[in-house]
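Enquirer: Compute the structure for the input listed below.
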Amino acid sequence: MAGPDRQFWQDHFERGQTPWDRGDSSPQLTAWLAQGRFDPRALAGQVAVPGCGNGHEVIALARAGVDVVAIDYTEAACAATRRRIDAEGLGNARVVNADVLQWRPAEPLAAVYEQTCLCALHPDHWVAYAGSLHAWLRPGGQLFVLAMQRDRPGAAQGFVEGPPYHVHVNALRALFDVARWDWPAPPYPLVRHPNVGAELALVLTRR
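Expert: Residues are numbered from 1 along each chain as shown. This is a model prediction of the structure:
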């Protein structure tokens, strides 16, 4: 498998070396929640958080009444998220230890919150992952994207460097093509990250 393997992520979580972790949920998720974009009555279905990590966004969504499934293939990340869920007694959130390239929901999802998974996967796997996201969602389902903006000096010479891997908007357009996804008009908010650059925020709708 190209890029970091399961043990790479397990070691980082076990050592507490997670510089991508804000220590809280993203301010963009807070904004989307305030805008009613995750109203449980309007969603009428489950929301997935792939690459859930320490589960901050999972907790924020579950507190808002959303039915959440958190997915991570790192056991330490799953354990951390389960501890937070159990500590708050959130019965509307569950954790699945699985590979996002292989997992499938029992029923089509209402939405996916994609923040940390795409930029953690080596670009060799992006096409397969984009296909998974499309397969997970029902028609009209929404994909909430925070695309990592962290270009590296080596990119000018063709090197693929990460994680996190830089997710250029042109790559997003190719992965989530307009034949299968409705795109909002730009500009898109740029959300600063205290440790690893910034993220481009946008919401796509599955056709």
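Enquirer: which other residues reach whichever strand in the chain runs longest?
Expert: Longest strand in the chain by number of residues (criterion: DSSP state E): strand 137-149. Contacts of strand 137-149 from elsewhere in the structure, counted by Cβ atoms under 8 Å, 6 or more residues apart in numbering, are 26, 28-29, 32, 37, 45, 108-115, 118-119, 133, 164-167, 169, 172, 176, 181, 190-191, 196-207. To be clear about C-beta, it is placed using only N, CA and C from the backbone, and glycine gets the same treatment.
Enquirer: Note down every partner strand of that strand and its orientation.
Expert: According to DSSP bridges, strand 137-149 has the following sheet partners: strand 109-114 (parallel), strand 197-206 (antiparallel).
Enquirer: Most tightly packed of these?
Expert: Most buried of these, by mean neighbour count (mean count of other Cβ atoms under 10 Å): strand 109-114, with a mean of 24.
Enquirer: Just the CA trace of that one, in CSV.
Expert: What follows is strand 109-114, C-alpha atoms only, in CSV (Å, rounded to 0.1, in the frame of the first residue of the first chain):
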residue,chain,number,x,y,z
LEU,A,109,-26.0,7.9,4.2
ALA,A,110,-27.5,11.3,4.4
ALA,A,111,-24.1,13.0,4.6
VAL,A,112,-20.4,12.6,5.0
TYR,A,113,-18.1,14.9,7.0
GLU,A,114,-14.7,14.7,5.2
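Enquirer: Please state the offset of it from the chain centre?
Expert: Taking Cα atoms, centre = their mean, to the nearest Å, one finds the center of strand 109-114 at 9 Å from the center of the full chain.
Enquirer: Fine, thanks again, bye for now.
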